[in-house]
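Student: got a sequence here, can you build the structure:
(one chain, ligands or ions: 2)
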Amino acid sequence: MASEVLPPRPGPLSSGGVRAGDPVRAQAASRLAAFDPHPLGAMAQASSTPLPPPPSSTPPLKPASDPRTHDGNTVATQPPKHLLIFDFDETIINENSDDSVLRALPGKQLPESIRQTYREGFYNEYMQRVLKYMGDQGVKMADFKAVYENIPLSPGMRDLFQFLSKQQDHFEIILMSDANMFGIECALKAAGAYSLFRKIFSNPSSFDKRGYFTLGPYHSHNCPRCPSNMCKRKILTEYLAERAQEGTRFERVFYVGDGANDFCPSVAMKSTDVAFPRRGYPMHRLILEMEKSQPGKYQAAVVPWDSALEVCSCLQEALKKKY
Ligand SMILES: [Mg+2]
Ligand SMILES: [Zn+2]
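Tutor: Numbers count the residues shown, from 1 in each chain. Ligands and ions are numbered 1, 2, ... in the order given. This next block holds a predicted model:
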């Protein structure tokens with residue numbers, strides 16, 4: 001188990017004072033590029049289980065669900081819905097927003113004394129210290145807001161949002177992120193995408209009396225794989241249970257992510273569901289590792305992406321199959 005426990009987000013430090021996230025990811029990316037024979041978005045290989053077909057022909061849909069209201073009456077006019085889940089950092093936006101905010105610092109970077117306080121599995125606590133330091137340096141709400149509003153979206157993400165805004169009958173969209181509510185809301189509103197999301201799950205954040213940006217843990221959990229403040233599998237499991245209680249069962253679950261903490265919930269997905277790991281990032285690497293070490297355990301179809309347009313075309317195909 002220990003070998004599977006990975007930090008949920010790129011660690012802020014590595015030896016030599018270089019931030020660890022990027023080198024780790026770059027290594028993973030180059031490793032994957034070296035043996036991935038499907039450069040244009042086909043399924044992940046290295047699995048002995050039958051692989052689902054490529055995005056242009058997504059796995060067959062299950063029979064239509066039986067959507068019912070709270071009182072059990074069938075609603076004939078309601079089309080079957082899919083649940084579409086997004087991660088935020090390095091998925092919707094093309095950066096890790098916890099790094100992006102450092103641009104608001106007068107010197108644009110953290111002192112070594114703060115960076116050295118990072119401990120694996122305790123990223124949330126580390127960010128609390130970073131934000132306290134930023135407050136000490138006079139960084140205010142408007143500064144944070146300006147940064148969040150200007151973080152670039154990932155390639156193709158704007159087009160994917162455009163597509164989704166026209167398909168709101170078919171997708172219920174939620175966001176699960178280990179960033180923070182304030183930053184996510186700023187970024188999504190600036191991108192005009194905020195209203196697409198039925199619910200956002202992230203760490204609570206606010207500005208205290210001094211004007212300091214403060215952060216808390218999302219919840220507690222028992223998952224050995226995830227950092228102490230958030231397990232997205234727990235969030236997803238609870239959400240599906242809550243929606244089922246309310247009469248909504250989803251035809252399929254689609255998950256767009258990049259991180260190790262996106263891998264955890266995606267292991268719980270079924271064979272009719274689709275995981276969209278960003279190609280070469282930790283989620284993708286962990287899926288490939290599991291397909292190799294425990295064939296058949298990872299059930300969801302896997303569609304790696306470099307551009308969200310690849311996600312978009314897969315979702316388009318999924319809708320065509322049905323209607
Ligand atoms: Mg991420
Ligand atoms: Zn977990």
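
Student: phi, psi of L215?
Tutor: The phi and psi values for L215, taken as degrees, to the nearest 10, are phi -130, psi 150.

Student: quick check: it touching D208?
Tutor: No: applying CB atoms under 8 Å, one finds L215 not in contact with D208, separated by 10.8 Å. Glycine gets a C-beta too; all of them are placed from N, C-alpha and C.

Student: the residue nearest to S307 when sequence neighbours are not counted: neighbour count?
Tutor: Closest residue in space to S307, ignoring its immediate chain neighbours: G156 at 3.7 Å, by CB to CB, 6 or more residues apart in numbering. Using other CB atoms under 10 Å, G156 has 18 other residues around it.

Student: quick check: residues of the stretch 151-300 of the chain near ligand 1?
Tutor: By CB under 5 Å from the ion, the residues of the stretch 151-300 of the chain that approach ligand 1 are 258-259.

Student: where along the stretch 151-300 of the chain do the helices fall?
Tutor: Using DSSP state H, counting those that start in this stretch, the helices assigned to the stretch 151-300 of the chain run over residues 157-165, 181-190, 232-245, 260-266, 282-293.

Student: please identify the deepest-packed of those helices.
Tutor: Most buried of those, by mean neighbour count (mean count of other CB atoms under 10 Å): helix 260-266, with a mean of 27.

Student: near ligand 2 at all, that one?
Tutor: Yes: Helix 260-266 reaches ligand 2 (CB under 5 Å from the ion) through C264.

Student: could you dump that helix to PDB, C-alpha only?
Tutor: Below are the C-alpha coordinates for helix 260-266, written out as PDB (Å, rounded to 0.1, in the frame of the first residue of the first chain):
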ATOM      1  CA  ALA A 260      -3.200  11.500  -7.900                       C
ATOM      2  CA  ASN A 261      -6.200  12.600  -5.900                       C
ATOM      3  CA  ASP A 262      -8.300  12.200  -9.100                       C
ATOM      4  CA  PHE A 263      -7.100   8.600  -9.500                       C
ATOM      5  CA  CYS A 264      -8.700   7.600  -6.100                       C
ATOM      6  CA  PRO A 265     -12.300   8.300  -7.000                       C
ATOM      7  CA  SER A 266     -11.900   7.000 -10.600                       C
END
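
Student: what's it packed up against?
Tutor: Applying 3 or more CB pairs under 8 Å, 6 or more residues apart in numbering; DSSP states H and E, we find helix 260-266 packed against helix 232-245, strand 253-257, strand 274-277, helix 282-293.

Student: centre of the chain to that helix, how far?
Tutor: The chain centre lies 8 Å from the centre of helix 260-266; the measure is CA atoms, centre = their mean, to the nearest Å.

Student: and if you look at stretch 269-277?
Tutor: Mean-position distance between stretch 269-277 and its chain equals 14 Å (CA atoms, centre = their mean).
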